[in-house]
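>>> I'd like to go over a predicted model; first the sequence, then the structure.
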Amino acid sequence: MLRRTFIALGASVALAGLTATGAFAEEVLKIGASAPKTGPLAGGAAMTHWPNVKLWVDEVNGAGGLDIGGTKHKIEIVEYDDQTSAETAIQNIQRMATVDNVDFIITPYSTGINVAAAPIIAQYGFPHITTSAATDGIEDFAKRWPNSFWMLGSATQLAKGAVETLVKLRDKGEIGNKVALVHVADAFGLELVGAAKPALEEAKFEIVYEASFPLGTQDLAPVVSAAKAATPDAFVAFSYPGETFALTEQAKIQNLEVGAFYTGVGTAFPPFAGRFGKSAEGILGIGGIDIENPKIADYIKRHTESAGSGPDFWASATTYAGLQILGQAIEKAGTKDRAAVIEAIKSNSFDTVIGEVKFVNNVNPNVWTVGQWRDGNFVAVAADGMSVSAEPVKKQGWE
């Protein structure tokens, strides 16, 4: 499905000006976007990806557009549904490059699709600023595809953040050594568990239960039941939103008694707290943000006004920051030339909602790694190079 639109206040006026004579015509910067609107990852993209595309384009166009070499350009978005399929994403990108003739593209959504689409994005020379990909391949990928930039951290950073959080809780006497470890059987889950297992073993934790499940699995009651039978002190799941919600639902139903309950993507979504209410209190998960940061607070306000609901408490802000970097790099380069924009991304620092971002060998080294639901907010309790909001605490049951 294709939708071509100006997402901006007063867009109808701008479109009406594109007359046959060219009177009142505005310069246009055409940007392509392909991400899930259907399939297993549609819910995650609807929370983290698409609302930030709309917010960024609305704000840029509302301010008159991007200044490229002294001329303002309004953004036109050409968007496609990749149906949570890497094959479809690649087809969409090829179409955007050769049929729609877009100037730039916005990153796809998810680790697997970003990695799968990276070669075709590089083939057409687009800057590729990933904001939803967490993989230990980022340094190798940045060398293989020097047009690519990686913002969300590595699997090892995220996994070690989870393990370090468990160590803090154990050192305070709030949990013991036994861990149940489960993961979604895709690139994301496999990399995270691959990094977490040696880190857990090095920290002298005992893995008393381990399991995997396919992406999109709806019935996870047997997984939680088997984990409960192993009597763990902590439960860790590297999961995507559907499985994150399903695992938490079953943990509550089965009264999984652990001092640390950690789930993956989706834990940071406001609907997670909305669904589980008081039971969400104390749940750990991937990501988190520093809600005390004024830039983050302002971003949350603007996002809520734009989308009618708040962003997630992790990758949403990073997604918006990636779009800010793309826009600022285009303006710094002063041209639509993609190679020049890639060089601008490599050689500059960028002022974003998550703070100043400066890529080191195409990688953003500073990331939030673990958040925890505390009094209605999912706050950062572990990070690399970023400020956190609180120290982790033990989960106190399922109210």
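That came through fine.
>>> For the longest helix along the chain, C-alpha coordinates in PDB please.
In the chain, taking DSSP state H as the definition, the longest helix is helix 315-333. As requested, the backbone C-alpha atoms of helix 315-333 are provided in PDB (Å, rounded to 0.1, in the frame of the first residue of the first chain):
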ATOM      1  CA  ALA A 315      13.000   3.800  21.100                       C
ATOM      2  CA  SER A 316      10.500   6.500  20.300                       C
ATOM      3  CA  ALA A 317      12.800   9.300  21.400                       C
ATOM      4  CA  THR A 318      15.700   7.600  19.600                       C
ATOM      5  CA  THR A 319      13.500   7.300  16.500                       C
ATOM      6  CA  TYR A 320      12.700  11.000  16.600                       C
ATOM      7  CA  ALA A 321      16.400  11.800  17.300                       C
ATOM      8  CA  GLY A 322      17.400   9.900  14.200                       C
ATOM      9  CA  LEU A 323      15.000  11.900  12.100                       C
ATOM     10  CA  GLN A 324      16.400  15.100  13.600                       C
ATOM     11  CA  ILE A 325      19.900  13.900  12.600                       C
ATOM     12  CA  LEU A 326      18.800  13.300   9.000                       C
ATOM     13  CA  GLY A 327      17.300  16.800   8.700                       C
ATOM     14  CA  GLN A 328      20.200  18.500  10.300                       C
ATOM     15  CA  ALA A 329      22.700  16.600   8.200                       C
ATOM     16  CA  ILE A 330      20.800  17.600   5.000                       C
ATOM     17  CA  GLU A 331      20.900  21.200   6.100                       C
ATOM     18  CA  LYS A 332      24.600  21.100   7.100                       C
ATOM     19  CA  ALA A 333      25.400  19.500   3.700                       C
END
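>>> On the C-terminal side of the helix or strand of the chain with the lowest mean pLDDT, identify the next helix or strand.
Lowest by mean pLDDT, DSSP states H and E among the helices and strands of the chain is helix 11-16, with a mean of 38. Sequence-wise, the next helix or strand downstream of helix 11-16 (DSSP states H and E) is strand 27-35.
>>> Now do that following strand: distance to the chain's middle.
Computed by C-alpha atoms, centre = their mean, to the nearest Å, the chain-centroid distance of strand 27-35 equals 20 Å.
>>> still on that earlier bit, after the longest helix of the chain, which helix or strand is next? Please name it.
Sequence-wise, the next helix or strand downstream of helix 315-333 (DSSP H and E) is helix 338-347.
>>> For that following helix, which helices and strands make contact with it?
For helix 338-347, the elements it packs on are helix 315-333, judged by 3 or more C-beta pairs under 8 Å, 6 or more residues apart in numbering; DSSP states H and E. C-beta: built from backbone N, CA, C; applies to glycine.
>>> Having no further points to raise, I will conclude here.
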